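1. what's the 3D shape of this:
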Amino acid sequence: MWKKRRRRRDEILCKNRGFKGDWVGCVSGRKRSQVGAVGVRSGLKSDLRNVAVAQKGVLLCILIQLVLIGGQFAVPPNVRPFVGMAALVIGLANTVFVFMLAIRVYNVALGVVLGILALFPCLGLIVLLAINSKATSVLKANGDKVGLLGADLSRFPRG
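-> Down below sits the predicted model:
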């Protein structure tokens, strides 16, 4: 409730100053691009690179999981245990990347829940698609172009 009051007070203050546009820049005295990252829990622009890296990992996991699901029907029966072991390894990688991404855009508790759900083969694919969608929307909201293979990492400063 106090956040709503503060926000309303800031809006009125900016209107009285004759500021037209986004009132965040009016109150802080900075441009919107300097205020912080939109959709990232910490609000720091430096976390956008971490989101982009984790999204690349999620996209790679989606690709490998789709290949493994389709490949288990194409291989002979005596090779299927190896496909199952590969699915187990990629399930662990799914968990890591989902957790890394979820703690950046959601909270830690939801990151743990989504990470556990990512361990299950078909349910994990749905979790991967959902978290990839959220990462794409966060990156696009911050003005970054996101293609089929994720965002271009060279656009983000290292650090």
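2. which residues touch Val83?
-> Neighbour list for Val83: Leu68, Gly71, Gln72, Val75 [criterion: CB atoms under 8 Å, 6 or more residues apart in numbering]. In this view, the C-beta of every residue, glycine as well, is placed from N, C-alpha and C.
3. Among those, find me the one that's closest to Val127.
-> Set against Val127, the nearest of those by CB to CB is Leu68 (15.9 Å).
4. helices and strands around the helix or strand harbouring Ile126, which ones?
-> Ile126 belongs to helix 121-141 when assigned by DSSP states H and E. With contacts taken as 3 or more CB pairs under 8 Å, 6 or more residues apart in numbering; DSSP states H and E, helix 121-141 sits against helix 47-74, helix 80-105, helix 108-117, strand 146-147.
5. Could you rerun that using 10 Å?
-> In terms of contacts (3 or more CB pairs under 10 Å, 6 or more residues apart in numbering; DSSP states H and E), helix 121-141 is packed against helix 47-74, helix 80-105, helix 108-117, strand 146-147, strand 150-151.
6. which one of the ones you listed is the most hemmed in?
-> strand 150-151 (a mean of 22; mean count of other CB atoms under 10 Å).
7. Pull up the pairing partners for it, direction included.
-> strand 146-147 (antiparallel) (DSSP bridges).
8. Residues contacting the partner strand, please?
-> By CB atoms under 10 Å, 6 or more residues apart in numbering, the list of residues contacting strand 146-147 from outside reads Ala52, Gln55, Asn132, Ala135, Thr136, Ser137, Val138, Leu139, Lys140, Asp152.
9. From Gly124, how far out is the residue nearest to the spatial centre of the chain?
-> By CA atoms, centre = their mean, the chain has its centre lying nearest to Ala135, at 2.9 Å. To Gly124, Ala135 is 16 Å away according to CB to CB, to the nearest Å.
10. Which two of the contacts of strand 146-147 have the greatest separation?
-> Across those (CB to CB), the longest gap, 17.1 Å, separates Ser137 and Asp152.
11. Would you mind giving the orientation angle of the helix holding Ile126 with respect to helix 80-105?
-> Interaxial angle of helix 121-141 relative to helix 80-105 (axes from the mean of the first three to the mean of the last three CA atoms, to 10 degrees): 30 degrees.
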